[in-house]
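Undergrad: I'd like to go over a predicted model; first the sequence, then the structure.
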Amino acid sequence: MMAVFIEHMDLILTYIVEICTTCLELAGIIVLVSSAVVCFVRWLKRDRDDIRLDLAQGIALALEFKMGGEVLRTVVVREWAELGILGAIIVLRAALTFLIHWEINNEKKEHQQRS
C-alpha cells in the first residue's frame, strides 16, 4: 500500500517538475525573443543608446530562466549519466551568464564614461 502511494507521489512530482520546467524555459524564450525584437526595432529607428546593454540584460535574464529550468529538472534525474549532462548544461549556462554580466558591467562603465 505504501509503495503504491510513493509511486503515485513520484509520478505526480515528475509531472509537476516537467510542467514547471517547461514554463521556466518558455519564459526564457519569451524574454529572449521580446528583448531581441525590441532592440531590433530600436536599432531600425536609429535609437541606438544602450541597445547592446538592453539586449545583453535580456539575454542574461533569459539564461537565468533557462538555468532555473535545468536546476529544477535535476530533481527528477534517475541516472548518473543524465545528471552529468544536466550538470554540464548548467555549468555552460552559468559561464555564459557570467560572461554576459561581465559584458554588461563593461558596457555600463563605457556608457558612464561617455556621459
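TA: Noted; the coordinates are in hand. Numbering: from 1, shown residues only.

Undergrad: Return the helix or strand in the protein with minimum mean pLDDT.
TA: Of all helical and strand segments in the chain, the minimum by mean pLDDT, DSSP states H and E falls on helix 80-114, at a mean of 89.

Undergrad: Now it: buried residues?
TA: Neighbour-count burial for helix 80-114 flags 90, 93, 97, 100, 104, 107 (criterion: 16 or more other CB atoms under 10 Å). (Each C-beta comes from the backbone N, C-alpha and C, glycine too.)

Undergrad: Tell me how far it lies from the chain's centre.
TA: 10 Å (CA atoms, centre = their mean, to the nearest Å).

Undergrad: now swap in stretch 105-115 and tell me
TA: Stretch 105-115 sits 25 Å away from the centroid of its parent chain (CA atoms, centre = their mean).

Undergrad: Need the contact partners of it.
TA: By CB atoms under 8 Å, 6 or more residues apart in numbering, the surrounding residues in contact with stretch 105-115 are 50, 52, 53, 56.

Undergrad: same thing but 6 Å
TA: Contact with stretch 105-115 is made by 52, 53, as judged by CB atoms under 6 Å, 6 or more residues apart in numbering.

Undergrad: Let's see that stretch as PDB, backbone CA atoms only.
TA: What follows is stretch 105-115, C-alpha atoms only, in PDB (Å, rounded to 0.1, in the frame of the first residue of the first chain):
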ATOM      1  CA  ASN A 105      29.300  45.800 -16.400                       C
ATOM      2  CA  ASN A 106      31.800  46.900 -19.100                       C
ATOM      3  CA  GLU A 107      29.100  48.400 -21.200                       C
ATOM      4  CA  LYS A 108      27.700  50.300 -18.200                       C
ATOM      5  CA  LYS A 109      31.200  51.700 -17.500                       C
ATOM      6  CA  GLU A 110      31.700  52.800 -21.100                       C
ATOM      7  CA  HIS A 111      28.300  54.500 -21.100                       C
ATOM      8  CA  GLN A 112      29.100  56.300 -17.800                       C
ATOM      9  CA  GLN A 113      32.400  57.500 -19.300                       C
ATOM     10  CA  ARG A 114      30.600  58.800 -22.400                       C
ATOM     11  CA  SER A 115      28.100  60.700 -20.300                       C
END
